[in-house]
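Colleague: Compute the structure for the input listed below.
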Amino acid sequence: MNSRGIYIGLDIGTSKVCAIAAEPFHDDVLKVVGLSNSPSTGLRRGTIVDIEATSKAIRKALDEIETSAGIKAENVTVGIAGEHIFSLNATGVIGIADLSKRKSDKELEITEEDVERVIESAKAVGLPNGRRIIHVIPQQFSVDDEGGIRNPVGMSGRRLEAQVHLVTSATASTKNIISAVRKAGCQVKDFVLESIASAQSVLTEEEKQIGVGLIDIGAGTTDAIVMSKFGVEHTVSLPFGGNQVTADIAGILRITEEQADALKLKYGHCYTEDAAVDKVFDVIGVGGRPDRNLNEAEFSMYIEARMDEILKLVMANLKESGMLRHLNSGLVFTGGGSKIPGLVSLAKRVFNVPVRLGNPIGFSDTTEMIDSPEYATAAGLIAYAEKFHSEDSRRVDRGAVARFFKMMKDFFHNNF
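Modeller: Below is the predicted model:
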């Protein structure tokens with residue numbers, strides 16, 4: 001934590017850097033003490049391509065946070081996404097050694113050390129050079145022939161199996177983020193996959209138990225996570241997002257992308273059936289070309305075509321990975337791209353499941369600024385940091401999740 005016990009979440013996106021500062025308030029509620037956005041030009045599809053530009057955007061966002069919160073930003077929890085992210089499910093198996101030599105019933109029990117060994121076994125997958133594991137998330141365990149176990153500690157058996165979800169990243173991309181943050185005068189405390197952070201801030205425990213998917217539509221990437229009662233089942237970061245919609249509008253109307261983005265935010269709609277035919281707006285011509293009038297219904301056709309394609313590509317990924325069966329409580333959408341009116345209606349048509357927008361929950365924010373899907377990731381980074389850094393949480397959860405966090409910490413210590 002920073003001074004006064006304040007956590008800072010840093011969402012380094014393709015179009016902007018968002019920073020949120022919050023401190024513990026009461027009853028598991030976090031009080032927002034600072035929020036800032038800074039335009040970013042140093043990333044492409046979630047990957048840094050200009051460290052200097054990224055560092056300047058980070059510094060600008062942190063300057064505003066320091067002023068509003070009255071602190072010095074020393075360390076931040078950073079979201080990570082982009083096409084360099086690759087995730088997979090893996091299985092580890094160990095034998096419970098020397099059962100015959102253990103003298104008492106208590107000595108027959110599976111220990112936390114056994115669980116650590118089986119998770120290490122699951123991590124032993126062959127990764128290409130230049131890739132690192134950033135998350136090891138236990139899903140479920142099996143003891144002998146009994147599966148579906150969340151915590152095997154204290155059980156007896158001869159064979160222990162662990163199913164885990166592994167998230168990997170390109171080492172170079174991770175180091176570039178660390179360099180950009182350091183150039184901005186701060187330190188990376190932890191990395192968190194952005195979809196995991198968003199899920200932390202907007203999904204309810206009931207949704208997770210039933211089975212739910214979250215889709216975060218950013219400017220350069222679209223990230224998805226599927227969760228069940230056993231935890232994270234699937235994560236993916238796809239290299240397309242709201243910028244594709246902006247580029248389509250600019251190309252069709254022959255205007256700049258800055259103009260296109262402004263029109264998208266002001267008049268955009270991605271479900272033509274709900275758009276208004278009688279609402280007309282002006283499109284300013286470029287390079288001496290005449291201005292033109294356009295109604296919202298016609299304009300929405302350009303947006304709907306691309307958004308429909310994006311959603312179908314996400315659905316294809318979830319179908320191929322067998323994840324559609326977990327969407328029992330439906331889908332939750334976050335990210336700046338989800339703010340375009342009509343997204344819920346379009347997503348219901350594409351996925352044929354219940355759909356809602358995800359605003360951060362568990363925060364006290366008198367300005368109500370973060371009450372928006374675009375702040376789900378930054379808010380989730382703080383919620384994640386508070387949950388896994390507090391001593392109370394460590395005492396409550398001494399099982400596999402706590403061990404997974406320790407492994408993350410060890411990774412940063414050993415590699416960076």
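
Colleague: part of a helix, is H269?
Modeller: No - under DSSP: H, G, I helix; E, B strand; the rest coil, H269 falls outside any helix and is assigned coil.

Colleague: from what I can see it touches I303, true?
Modeller: Yes - in this structure H269 lies within contact range of I303 using Cβ atoms under 8 Å: 6.6 Å. Backbone N, C-alpha and C define where each C-beta goes, glycine included.

Colleague: Report the set of residues contacting both of those two.
Modeller: I340 (Cβ atoms under 8 Å, 6 or more residues apart in numbering).

Colleague: Mean pLDDT per helix and strand in the chain: which one sits at the bottom?
Modeller: The weakest-scoring helix or strand in the chain, judged by mean pLDDT, DSSP states H and E, is helix 391-396 (a mean of 38).

Colleague: on that earlier part again, in terms of neighbours, single out the busier of H269 and I303.
Modeller: I303 (28 against 25; other Cβ atoms under 10 Å).

Colleague: wait, doesn't the more buried one sit right on L343?
Modeller: No - look at I303 against L343 with Cβ under 8 Å: they stay out of range, at 9.8 Å.

Colleague: okay, and the common contacts of these two?
Modeller: C270.

Colleague: Apart from its chain neighbours, what residue comes closest to G154?
Modeller: E109 (5.1 Å; Cβ to Cβ, 6 or more residues apart in numbering).

Colleague: and that neighbour, what are its bridge partners?
Modeller: Beta-bridge pairing for E109 (DSSP bridges): S156.

Colleague: measure it to V115 for me?
Modeller: To V115, E109 is 11 Å away according to Cβ to Cβ, to the nearest Å.

Colleague: Now do the closest residue to A250 other than its chain neighbours, the pLDDT please.
Modeller: Leaving aside its chain neighbours, A250 sits nearest to A260 (3.9 Å; criterion: Cβ to Cβ, 6+ apart). Looking at A260, its pLDDT stands at 94.

Colleague: Remind me which helix or strand A260 belongs to.
Modeller: helix 257-267 (DSSP states H and E).

Colleague: And the contacts of that helix?
Modeller: Residues contacting helix 257-267 (Cβ under 8 Å, 6+ apart): 245-247, 249-250, 253, 255, 279, 281, 283-284, 286, 296, 299, 303, 340.

Colleague: Using CSV, list the CA coordinates for that helix.
Modeller: Taking Å, rounded to 0.1, in the frame of the first residue of the first chain, the C-alpha atoms of helix 257-267 are listed here in CSV:
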residue,chain,number,x,y,z
GLU,A,257,-10.7,9.2,-36.5
GLU,A,258,-10.9,11.9,-33.9
GLN,A,259,-14.1,13.1,-35.5
ALA,A,260,-15.4,9.6,-35.9
ASP,A,261,-14.7,8.8,-32.2
ALA,A,262,-16.6,12.0,-31.1
LEU,A,263,-19.6,11.1,-33.3
LYS,A,264,-19.6,7.5,-32.0
LEU,A,265,-19.6,8.7,-28.4
LYS,A,266,-22.3,11.3,-29.0
TYR,A,267,-24.7,9.7,-31.5
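
Colleague: Please point out which parts of the lengthiest helix in the chain sit buried.
Modeller: As assigned by DSSP state H, the longest helix anywhere in the chain is helix 296-320. Buried residues in helix 296-320, counted by 16 or more other Cβ atoms under 10 Å: 296-297, 299-300, 302-304, 306-308, 310-311, 314-315, 318.

Colleague: what do you get for stretch 363-380?
Modeller: Within stretch 363-380, the residues that count as buried by 16+ other Cβ under 10 Å are 363, 365, 370, 372-380.

Colleague: From these, which land in strands?
Modeller: Within those, residues falling in strands by DSSP state E are F363.

Colleague: And for I217, the neighbour number?
Modeller: I217: 28 neighbours (other Cβ under 10 Å).

Colleague: Who are the contact partners of the residue nearest to it when sequence neighbours are not counted?
Modeller: With Cβ to Cβ, 6+ apart as the criterion, I217 has its nearest non-adjacent residue at 3.0 Å, and that residue is G337. Residues in contact with G337 (Cβ under 8 Å, 6+ apart) are 217-219, 222, 241-242, 245, 307, 343.

Colleague: Over to Y271?
Modeller: 300, 304, 341-343, 345-346, 349.

Colleague: cool, and V29?
Modeller: 362-364.

Colleague: switch to 10 Å and redo it
Modeller: Going by Cβ atoms under 10 Å, 6 or more residues apart in numbering, V29 touches 22, 361-364.

Colleague: Quickly check those for the two that are furthest apart.
Modeller: A22 and I361 (13.0 Å; Cβ to Cβ).

Colleague: Residues that sit against both of these two, list them.
Modeller: 29, 379, 383.

Colleague: just wondering, since we're on the residue nearest to T54 when sequence neighbours are not counted, how far is it from A260?
Modeller: Distance criterion Cβ to Cβ, 6+ apart; nearest residue to T54, sequence neighbours excluded, is G42 at 3.3 Å. For G42, the distance to A260 (Cβ to Cβ) stands at 21 Å.

Colleague: circling back to that earlier point, can you list the buried residues in the next helix or strand after the helix holding A260?
Modeller: Once helix 257-267 ends, the next helix or strand along the chain (criterion: DSSP H and E) is strand 280-283. By 16+ other Cβ under 10 Å, the buried positions in strand 280-283 come out as V283.

Colleague: In terms of secondary structure, what does strand 280-283 contact?
Modeller: If contacts are counted by 3 or more Cβ pairs under 10 Å, 6 or more residues apart in numbering; DSSP states H and E, strand 280-283 sits against helix 257-267, strand 292-295, helix 296-320.
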